[in-house]
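Asks: Can you look at this prediction? I've put the sequence above it.
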Amino acid sequence: MTTLALLGGAKCVTARAASPGWPRYSPRVVAKVAAMLYTGRGLGHSRLVEQVEAQFADNHGVRYALAVGSGTGALHCALAGCGIEPGDEVITTPFSYGATTACILHQGGVPAFADVLPETGLLDPASVAEHVTGRTRAIVVVHLFGQPADMHGLQAVAAKHGLKLVEDVAQAHGARYHGKLTGTLSDAAGFSCMNTKLLAATEMGLLLTDDREAYDRALLLSQHTGRMLQPVTERGGGVREEYAPYIDSLVYNYRPTGIDCALVMDQLPHLTGWNRARAANRDLLVRLVDDLDFIRFPRYPAGVEPVYYMATLDYDEEQAQGVTRDTFLNALTAEGVGAVAYVRQPIPLLPRMQAEARNVPAAPWLKTLRDAGAHYAEDDIPVCLELARKRALQISFYRFTAPEPKLMRQYADAFHKVAEHLPALREWQRGQEKVAT
């Protein structure tokens with residue numbers, strides 16, 4: 001093949017995606033949003049909020065949905081709804097975006113980090129079981145990249161120890177685990193609907209739960225008093241009478257906009273079809289690069305039906321003749337493939353998670369961590385560390401809502417081109433190492 005694009009050659013990926021731009025909205029909802037902006041009606045709390053909540057709950061077969069301003073807010077509401085209090089220990093994953101941990105910190109909880117599975121980067125139930133202590137009150141699991149986690153294993157740990165289970169479904173709208181949608185396999189779940197997610201607005205989140213107690217507590221945490229004072233209904237409404245004395249304006253104010261509610265409702269009927277297209281594109285790419293021995297895409301067991309916000313793969317530096325993951329990633333992206341290393345630093349090793357640190361800006365939770373004696377070290381999460389720093393690589397798929405055979409073949413050509421030039425790439429890597437020293 002020709003010279004690597006990283007070394008001055010022409011790049012492999014020249015095709016434009018057949019899929020329309022993302023996010024996708026109908027002309028009808030664009031006109032509706034424009035009317036809202038012109039008139040000012042429906043921008044704040046409106047019937048659109050109750051409508052998106054009812055539609056989302058019905059879609060998942062869950063009794064209560066609560067629309068909020070972000071996915072992080074939805075997760076925070078989920079933990080508050082489950083009764084997590086300051087000082088409570090919550091087990092979660094170190095291999096994720098920060099919101100999975102931030103919701104614990106924002107509720108005054110103390111994160112405990114279990115390790116992850118090497119093939120998928122998902123939370124390892126066996127490691128979770130090892131981290132349960134007398135202070136543990138909940139588990140927060142993320143369906144990372146659209147992959148359903150091992151919920152049977154996690155449900156068993158939660159049931160054995162009387163723990164609440166919360167799902168982070170920010171990247172897994174429409175994924176299924178043994179026939180059940182993600183977000184319906186726990187006590188409460190939080191979804192993100194920001195502009196790159198599989199259901200995309202501008203910035204929005206949704207809480208799902210079948211627990212009326214959790215719903216009421218979430219309202220008290222997050223909503224304007226006008227929402228709390230609404231009539232109680234079978235599907236939610238305002239808070240029940242026993243919570244009326246606690247209605248006030250001391251809230252996090254996670255209200256959504258009517259615009260975002262309209263955008264999510266416009267997309268929801270198309271989610272299944274778009275997810276099928278994403279999966280077909282990912283599966284085609286996997287077949288086309290299956291001959292390469294230094295990368296491996298996960299093989300999912302029966303009953304696990306991912307969706308593909310991203311497609312993750314495991315990279316083997318030894319099989320790649322000593323070319324590192326990051327060097328390979330540089331070469332692949334230069335060829336035009338939309339690839340990233342999504343998690344480069346495990347969450348517990350971030351500077352604002354070090355309890356002993358002083359003069360750290362905007363980290364009010366550090367006193368909580370110090371009081372709890374929390375200490376996070378590399379040795380606690382060896383699999384996560386290996387994935388973050390050496391092995392895990394992801395390709396974005398959320399935009400690919402239509403068949404992309406030409407683009408996937410060019411992606412595969414890029415993988416094979418880089419594979420053919422591993423010796424040259426290793427020499428380039430050595431040169432970069434010399435410059436760095």
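Replies: Right, received. Where do you want to start?

Asks: Where does the residue lying closest to residue 85 once chain neighbours are set aside sit: helix, strand or coil?
Replies: The shortest distance from residue 85 to any non-neighbouring residue, by Cβ to Cβ, 6 or more residues apart in numbering, is to residue 108 (6.8 Å). Using the backbone N, CA and C atoms, a C-beta is placed for each residue, glycine as well. Going by DSSP: H, G, I helix; E, B strand; the rest coil, the secondary structure assigned to residue 108 is coil.

Asks: what sits against residue 108?
Replies: 84-88, 365, 368 (Cβ atoms under 8 Å, 6 or more residues apart in numbering).

Asks: Now name the helix or strand holding the nearest residue to residue 28 once chain neighbours are set aside.
Replies: Of all residues not flanking residue 28 in the chain, residue 266 sits nearest, at 7.5 Å (Cβ to Cβ, 6+ apart). Residue 266 is located in helix 258-267, with elements delineated by DSSP states H and E.

Asks: can you list contacts of that helix?
Replies: Helix 258-267 has contacts (Cβ under 8 Å, 6+ apart) with 23-26, 28-29, 32-33, 36-37, 42-46, 48-49, 51-52, 55-56, 67, 193, 199-204, 206.

Asks: sorry, back to before: including distance to residue 338, pLDDT and secondary structure, could the contacts of residue 108 go into a markdown table?
Replies: Listed next are the contacts of residue 108 as a markdown table, based on distance: Cβ to Cβ, whole Å; pLDDT from 0 to 100; DSSP: H, G, I helix; E, B strand; the rest coil:
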| residue | distance to residue 338 | pLDDT | secondary structure |
| --- | --- | --- | --- |
| 84 | 37 | 98 | coil |
| 85 | 42 | 97 | coil |
| 86 | 41 | 97 | coil |
| 87 | 42 | 97 | coil |
| 88 | 39 | 98 | coil |
| 365 | 34 | 97 | coil |
| 368 | 38 | 96 | helix |
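
Asks: Just name the closest of those residues to residue 176, please.
Replies: Closest to residue 176 out of those is residue 84 (27.4 Å), distances taken as Cβ to Cβ.

Asks: Low-confidence ranges, the protein, go.
Replies: The model of the chain has pLDDT under 70 over residues 1.

Asks: all helices for the stretch 51-200 of the chain, in order.
Replies: Secondary structure of the stretch 51-200 of the chain (DSSP state H, counting those that start in this stretch): helices at 71-81, 99-106, 125-130, 151-161.

Asks: Would you mind getting the angle between the first one and helix 99-106?
Replies: Interaxial angle of helix 71-81 relative to helix 99-106 (axes from the mean of the first three to the mean of the last three Cα atoms, to 10 degrees): 50 degrees.

Asks: Counting by contacts, list what helix 71-81 packs against.
Replies: Judged by 3 or more Cβ pairs under 8 Å, 6 or more residues apart in numbering; DSSP states H and E, helix 71-81 is in contact with strand 64-68, helix 99-106, strand 136-142, strand 164-168, strand 188-192, strand 205-209, helix 212-222.

Asks: again with the shortest one
Replies: For helix 125-130, the elements it packs on are helix 151-161, judged by 3+ Cβ pairs under 8 Å, 6+ apart.

Asks: if we can go back for a sec, quick one: buried ones out of the contacts of residue 108?
Replies: Among those, those classed as buried by 16 or more other Cβ atoms under 10 Å are 84, 88, 365, 368.

Asks: Okay, buried residues for stretch 328-345 please.
Replies: Those buried within stretch 328-345 under the rule 16+ other Cβ under 10 Å are 328-339, 341-343.

Asks: now do stretch 377-395
Replies: Of all the residues in stretch 377-395, those buried under the rule 16+ other Cβ under 10 Å are 380-381, 383-385, 387-389, 391-395.

Asks: Give me the subset of those residues that lies in helices.
Replies: Members of the buried residues of stretch 377-395 lying in helices (criterion: DSSP state H): 383-385.

Asks: out of these, who's nearest residue 353?
Replies: Nearest member of these to residue 353, counting by Cβ to Cβ, is residue 384, at 13.5 Å.

Asks: Could you double-check that the closest one sits in contact with residue 92?
Replies: No: judged on Cβ atoms under 8 Å, residue 384 makes no contact with residue 92 at a distance of 11.6 Å.

Asks: Overlap in contacts, those two.
Replies: residue 113.

Asks: what about the residue nearest to residue 28, neighbour count?
Replies: 21 (other Cβ atoms under 10 Å).

Asks: dump the residue contacts of residue 254.
Replies: Residue 254 makes contact with 68-70, 73-74, 76-77, 205, 221-223 under the criterion Cβ under 8 Å, 6+ apart.

Asks: before we move on, what about residue 390?
Replies: Residue 390 touches 315, 317, 324-325, counting by Cβ under 8 Å, 6+ apart.

Asks: Residue 421 contacts residue 9, correct?
Replies: No: using Cβ under 8 Å, residue 421 is not in contact with residue 9; the gap is 9.1 Å.

Asks: When those two are compared, which one has more neighbours?
Replies: residue 421 (21 against 15).

Asks: In space, what's closest to that one - neighbours in sequence excluded?
Replies: Going by Cβ to Cβ, 6+ apart, residue 421 has residue 4 as its nearest residue, at 5.0 Å.

Asks: Tell me who's in contact with that neighbour.
Replies: Residue 4 touches 331, 334-335, 417-418, 421, 424-425, counting by Cβ under 8 Å, 6+ apart.

Asks: which residues in the stretch 201-350 of the chain form helices?
Replies: 212-222, 225-228, 258-267, 271-288, 325-334.

Asks: so which of the ones you listed gets nearest residue 251?
Replies: When the helices of the stretch 201-350 of the chain are compared by Cβ to Cβ, helix 212-222 sits nearest residue 251, at 5.9 Å.

Asks: Having no further points to raise, I will conclude here.
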